[in-house]
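1. only geometry, no sequence info:
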C-alpha cells in the first residue's frame, strides 16, 4: 500500500501539474471552448492507463511456471528502468515543462484546434498513467504472496489515496496562494523511489534465480526470517516497498546495492548541477 501510495502521489502530482498548466494556457488565449476537450483527453488517458494495468496483471496471472517468473522478472526490470528514467527526467525537465506545454497549447489551438488540444492533453497525461500502470503491476507481482484479494485491496487503496492526495495538492497549488516547494518534494520522493526501484531490480533477479537464468552464486547470504518473516504482513510490506528478502542470494544483493550505489551517485551529481531554487514552484504559479 505504501509503495503504490508513493508512486500514485508522485505520478498523480505530475499529471495534476500538467493538467493545470494546460488549462491555464487555454484560459490565457481565451479559448474556454477548448476546456471540455482538455478534460476529455485526460479522461481518455485515465481509461487507457486503467486498461493497461488490468491487461498486464491479467496476462501475468494467466501464466504458469517458468513463463510466469520470466514475465514477472521482465516486468520488474522494465518498471525499475522507467522509474529511474522518470526520476532523472523530472529533475532535468521540470523547469521547462510549463513553457513547453503552453507552446504546445498555442500551436494546437492555432492549427488543429479542439482535436489538437485533446491529443496534447491525452498524450501528456497517458505517459504518466501508463508508467503508473506498470509500477502498480510490478508492485502486485512483488507482493502477491500476501494473498491475491488482500494484496489487490491494499494496492487499490494505496493507488486511490495517492491519486486523491495528488489531486488535492494540485488544486491547492493552482487555486490558492499556498506554495509547495515542488523541487524539495520531488527530491524527497526520488530518494524513496530509488530504494523502491532497487527492490524491483533485486526482485527481478530473484525471479531469474528461481529458474536458473541468473545463478545465485551463494543461494542465501543470510537468513533473518526468524526476525522478520518475509511471508508475514510486515515482511510483505517491506518486500513491496523496498524489495525486502529474508534470505537473499548473492546476486540479489549485488543487484540491490549496486543499483542504489550507481543511481545515487548520478542522482547526487545531477542535483548539484541544478540550482536549489524551486523553479517548478515559480513556474507553476506564474
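-> Arrived safely, thanks for sending. From a predicted model like this one, the values you see are computed outputs, not experimental measurements.

2. Contacts for stretch 129-140, please.
-> Outside stretch 129-140, the residues that touch it by CB atoms under 8 Å, 6 or more residues apart in numbering are 3-4, 7-8, 11-12, 15, 45-46, 48-50, 52-53, 56-57, 60, 75-76, 78-80, 82-83, 86, 151-152, 155, 159, 200, 240. For the C-beta atoms, the positions are set from N, CA and C on the backbone; glycine is no exception.

3. Tell me how far stretch 260-275 lies from the chain's centre.
-> Here stretch 260-275 is found 19 Å from its chain centre; the criterion is CA atoms, centre = their mean, to the nearest Å.

4. For stretch 259-271, what is the distance to the chain centroid?
-> For stretch 259-271, the distance to the chain centre is 18 Å (CA atoms, centre = their mean).

5. likewise stretch 188-201?
-> Distance, centroid of stretch 188-201 to centroid of chain: 10 Å (CA atoms, centre = their mean).

6. buried ones in it?
-> Neighbour-count burial for stretch 188-201, counted by 16 or more other CB atoms under 10 Å, picks out 189, 190, 192, 193, 194, 195, 196, 197, 198, 199, 200, 201.

7. any idea whether residue 248 is helix, strand or coil?
-> Going by DSSP: H, G, I helix; E, B strand; the rest coil, the secondary structure assigned to residue 248 is coil.

8. What are the buried residues along stretch 233-252?
-> Applying 16+ other CB under 10 Å to stretch 233-252 flags 235-246, 248-249, 251-252 as buried.

9. What helix or strand is residue 268 located in?
-> Assigned by DSSP states H and E, residue 268 belongs to helix 250-273.

10. Relative to the whole chain's centre, how far out is that helix?
-> Using CA atoms, centre = their mean, the mean C-alpha position of helix 250-273 is found 18 Å from that of the whole chain.

11. Now it: buried residues?
-> 251, 252, 253, 255, 256, 259, 260, 263, 267.

12. I figured the fifth one was touching residue 196, is that so?
-> Yep, that's residue 256 we're talking about. No. Residue 256 lies out of contact with residue 196 (CB atoms under 8 Å); the separation is 11.4 Å.

13. so what's in contact with the two at the same time?
-> Both residue 256 and residue 196 are in contact with residue 243, where contact means CB under 8 Å, 6+ apart.

14. tell me which element the nearest residue to residue 242 once chain neighbours are set aside falls in.
-> Leaving out its chain neighbours, the residue that sits closest to residue 242 by CB to CB, 6 or more residues apart in numbering is residue 199, at 4.9 Å. For residue 199, the host element (DSSP H and E) is helix 182-211.

15. quick revisit: and the buried residues of stretch 188-201, which is closest to residue 41?
-> Nearest to residue 41, judged by CB to CB, of these is residue 189 at 25.9 Å.

16. gap between that closest one and residue 173?
-> 16 Å (CB to CB, to the nearest Å).

17. This structure: helices as residue ranges?
-> Counting by DSSP state H, the chain has helices at residues 2-28, 35-62, 65-110, 114-142, 148-175, 182-211, 233-242, 250-273, 279-285.

18. tell me the contacts of the spatially closest residue to residue 223 that is not a sequence neighbour?
-> Closest residue to residue 223 apart from its sequence neighbours, by CB to CB, 6+ apart: residue 247 at 4.1 Å. Contacts for residue 247 (CB under 8 Å, 6+ apart) come out as 220, 221, 222, 223, 224, 225, 230.
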